[in-house]
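>>> coords please:
(one chain, ligands or ions: 1)
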Amino acid sequence: MLIVTVLRSKGDFVATVAPTATVRELLDLLAEHRIGAAVVTREGAIAGIVSERDVVRNLGEHGGGLLDLAVSEIMTAEVVTCRRDATVEDLARTMTERRIRHVPVVDDGGALIGIVSIGDVVKSRISELESERNDLVGYIGTR
Ligand code: AMP
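Below is the predicted model of the structure:
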């Protein structure tokens, strides 16, 4: 299955945050949308990605003061992205190898057109396997 198919069913919404936003604002955004990561954008371009894991990792070092830090201080600046014609299998491999659970989808010009999470990958894999199973059961039933 292609990533474009996943985006068609889940939509193209991507929660974005400015690098200058505080971690407190980031947490509000994650809670509001019930998500685990936001893409950091500067003047419309991707500047990084920040997930709940970055918040947890930095909590030990900064304690409560973390809430007032800028998102740019805890984000990952080198963002792994994919194109809409990547396959779900490609993305599952990338997520496993790089230990990331979110991959922004970009067009040929590098513009953000969606995001796929590990939850989306698992959901799509399950529905593929279910439909293969139903086909096989149907095939066996006709013999
Ligand atoms: P996650 O598993 O997505 O919560 O993120 C784990 C770590 O990888 C965090 O430090 C994130 O900032 C980073 N990360 C998440 N997604 C990406 C991505 N697509 N590209 C680069 N780093 C990422």
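>>> Low-confidence regions, the protein specifically.
Residue ranges of the chain with pLDDT under 70: none are present.
>>> mind listing the strands for it?
16-17, 37-42, 45-51, 102-106, 112-117 (DSSP state E).
>>> could I get those strands as TSV with mean neighbour count?
Quick note: C-beta positions are derived from backbone N, CA and C, even for glycine. Listed next are the strands of the chain as TSV, based on neighbours: other CB atoms under 10 Å:
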stretch	mean neighbour count
strand 16-17	22
strand 37-42	21
strand 45-51	20
strand 102-106	22
strand 112-117	21
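>>> Mind putting those strands into CSV with distance to the ligand?
Below are the strands of the chain laid out as CSV (distance: least, CB to the nearest ligand atom, whole Å):
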stretch, distance to the ligand
strand 16-17, 12
strand 37-42, 5
strand 45-51, 3
strand 102-106, 4
strand 112-117, 8
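>>> what's the closest of those strands to residue 30?
Smallest distance to residue 30 across the strands of the chain (CB to CB): 6.6 Å, for strand 37-42.
>>> Could you list the paired strands of that closest one along with their orientation?
The strands that strand 37-42 pairs with in its sheet are strand 16-17 (parallel), strand 45-51 (antiparallel) (by DSSP bridges).
>>> what's next to that strand, contact-wise?
Here strand 37-42 makes contact (CB atoms under 8 Å, 6 or more residues apart in numbering) with 14-19, 26, 29-30, 46-52, 71-72, 75, 79, 101-102, 104, 112, 115, 117.
>>> orientation of it relative to strand 102-106 in degrees?
Here strand 37-42 runs at an angle of 40 degrees relative to strand 102-106 (axes from the mean of the first three to the mean of the last three CA atoms, to 10 degrees).
>>> All further residue positions should be reported with the first residue as 9.
Understood, numbering begins at 9; the last thing we discussed is strand 45-50.
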